[in-house]
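Engineer: sequence and predicted model, in that order:
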Amino acid sequence: MNTEPRKILHVDMDAFFVSVEEVLDPSLKGKPVVVGGDPDGRGVVAAASYAVRRYGVHSAMPVAQAKRLCPHAIFLRGSHRYYSEYSAKVFEILKCYSPLVEPMSLDEAFVDLTGCERLHGPVLQTAEKIRNEIREKLGLNASIGIASNKLLAKIASAYCKPNGMLWIAPGMEQRFLAPLPIQRIPGIGPKGGTELRRMGIKSVGDLARLPRELLEEAYGKWGVSLYRKARGISDSPVIGEVEDSRSISRETTLQADSVDPLFLESTLSYLTEKAAGQLREEKLFARTVTLKLRYSDFKTVTRSKTLEMPTAEDHALFKTGVGLFRNLFTRRVRVRLVGIAFTSLTATPYRQEDLFDSKGGRCWDGLYQGIDRIRHKYGFRSILRGTSYRN
């Protein structure tokens, strides 16, 4: 049995959106730049350059507040298309060093280099190669944490930002963790940090001295998680992106052939909700949406579109599907069958939360979890999108 410690990298791009903007427009380098929504609107900051952070501006802050803190900042709306393109290029580089690359968002990923030393050399040397290649080929800086598990690697990359590299050598985990403030532990937010400090717990070392039984009694499952994290314990493997060759689809033959676009779109909406619900149930995400129409003369046509990022969210999948429908549908021939299919399935969404939403970057996860719970208890038709009710 091989007991050699794993060699895990957490590669985290520095101020990624801003950095891409600086590559596209070098005149922005060194200036206070904010990427996000309209500074006169209700958007939030998606990314802030290091030059603007000294004014107190940070990610997820309302853009209006950022403008008050730094009125002379340069505000950019941002472009997901460019960010997705550069993200794909970063992941292409990472996959040259290991088959086990687990994207966590557009700008961060775990890389398992265990067993790759014969190909690329010692782990520190390989990490430096990766960092240099990203900088030389793309003009972007990355911070890299190296450790024996994902938890420690993520803490290390955050610790050495910006443009740094830190290796937590096996056996040094407790010495590294003990003096850190508890906010350095992933999963401890402002509320949790305040609660722990109220108990006199200020450092990770303080937390590590508490017995598991006490933490579990006080906080339940979260307490058990804190106990493990304070000791640098994590068994989570790096899962390489593997596409599922299956498809998840729904189709229906109409009771009467129709040319009513509202009825047909309503049918498509209902089918999309059914298929998306199965995606979430199986913890999968789809990258390709395919629309299928069969006309009354039995001619069948399909159209597909590949998304920038995989998703299992009804609204995103329906928006794509209905766009295909409106481009394909003609009123000259009645429609007999409508179908929707999701392919290029993956268990890894590597979704970047939409911070460019003019209303503040809504989080949809909680909504769909609630919808799925209601349907599980009361049946699928107990809650539907408004666009599905004509069906």
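Structural biologist: Structure's in. What do you need?

Engineer: give me the three-state assignment for Arg303.
Structural biologist: Secondary structure, DSSP: H, G, I helix; E, B strand; the rest coil: Arg303 is strand.

Engineer: ok, now which ones touch it?
Structural biologist: Thr290, Leu291, Leu324, Asn327, Leu328 (C-beta atoms under 8 Å, 6 or more residues apart in numbering). Glycine gets a C-beta too; all of them are placed from N, C-alpha and C.

Engineer: what domains does the record give for the chain?
Structural biologist: 1-169, 174-230, 248-388 (automatic domain parsing).

Engineer: highest average neighbour count across those?
Structural biologist: Each of these was scored by mean neighbour count; the highest is domain 1-169, a mean of 19, by mean count of other C-beta atoms under 10 Å.

Engineer: what is the mean pLDDT for that domain?
Structural biologist: Domain 1-169 shows a mean pLDDT of 90.

Engineer: how far is it from where the chain is centred?
Structural biologist: Its chain's average C-alpha position is 13 Å from that of domain 1-169, according to C-alpha atoms, centre = their mean, to the nearest Å.

Engineer: kindly report the same for stretch 157-170.
Structural biologist: 22 Å.

Engineer: need the domains of the chain in a markdown table with distance to Ile239, can you?
Structural biologist: Below are these laid out as a markdown table (distance: least, C-beta to C-beta, whole Å):
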| stretch | distance to Ile239 |
| --- | --- |
| domain 1-169 | 5 |
| domain 174-230 | 17 |
| domain 248-388 | 7 |
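
Engineer: quick check: which of the ones you listed is nearest to Pro237?
Structural biologist: Pro237 sits nearest to domain 1-169 of all the domains of the chain, at 7.6 Å, using C-beta to C-beta.

Engineer: and the closest residue to Tyr55 other than its chain neighbours, what does it touch?
Structural biologist: Spatial nearest neighbour of Tyr55, excluding adjacent residues (C-beta to C-beta, 6 or more residues apart in numbering): Cys70 at 4.1 Å. Going by C-beta under 8 Å, 6+ apart, Cys70 touches Pro32, Val34, Val52, Tyr55, Val57.

Engineer: what pLDDT is listed against the residue lying closest to Ala208 once chain neighbours are set aside?
Structural biologist: Once flanking residues are discounted, Ala208 sits nearest to Ala230: 4.0 Å by C-beta to C-beta, 6+ apart. With respect to pLDDT, Ala230 scores 92.

Engineer: measure Ala230 to Gly187 for me?
Structural biologist: Using C-beta to C-beta, to the nearest Å, Ala230 is found at 11 Å from Gly187.

Engineer: and the closest residue to His80 other than its chain neighbours, how far is that from Tyr83?
Structural biologist: With C-beta to C-beta, 6+ apart as the criterion, His80 has its nearest non-adjacent residue at 6.4 Å, and that residue is Glu308. Separation of Glu308 from Tyr83 (C-beta to C-beta): 9 Å.

Engineer: do the same with Thr300
Structural biologist: Counting by C-beta to C-beta, the gap from Thr300 to Tyr83 is 37 Å.

Engineer: same check on Thr253?
Structural biologist: On the measure of C-beta to C-beta, Thr253 and Tyr83 end up 42 Å apart.

Engineer: three-state assignment of Arg175?
Structural biologist: Here Arg175 is recorded as helix under three-state DSSP.

Engineer: what do you get for Gly171?
Structural biologist: coil.

Engineer: phi, psi of it?
Structural biologist: Note on Gly171: backbone dihedrals following degrees, to the nearest 10 are phi 90, psi -10.

Engineer: neighbours of it, how many?
Structural biologist: Applying other C-beta atoms under 10 Å, we find 9 residues neighbouring Gly171.

Engineer: separation between it and Ile248?
Structural biologist: The value you get for Gly171 to Ile248, if C-beta to C-beta is used, is 46 Å.

Engineer: over to Lys31?
Structural biologist: 46 Å.

Engineer: just Phe325 next, same as before
Structural biologist: Relative to Ile248, Phe325 is positioned 18 Å away (C-beta to C-beta).

Engineer: please apply the same query to Arg326.
Structural biologist: When Arg326 is compared with Ile248 (using C-beta to C-beta), they lie 23 Å apart.

Engineer: in the stretch 201-350 of the chain, which spans are strands?
Structural biologist: Listed in chain order, the strands of the stretch 201-350 of the chain (DSSP state E, counting those that start in this stretch) span 248-258, 285-295, 300-311, 335-346.

Engineer: all set now, cheers.
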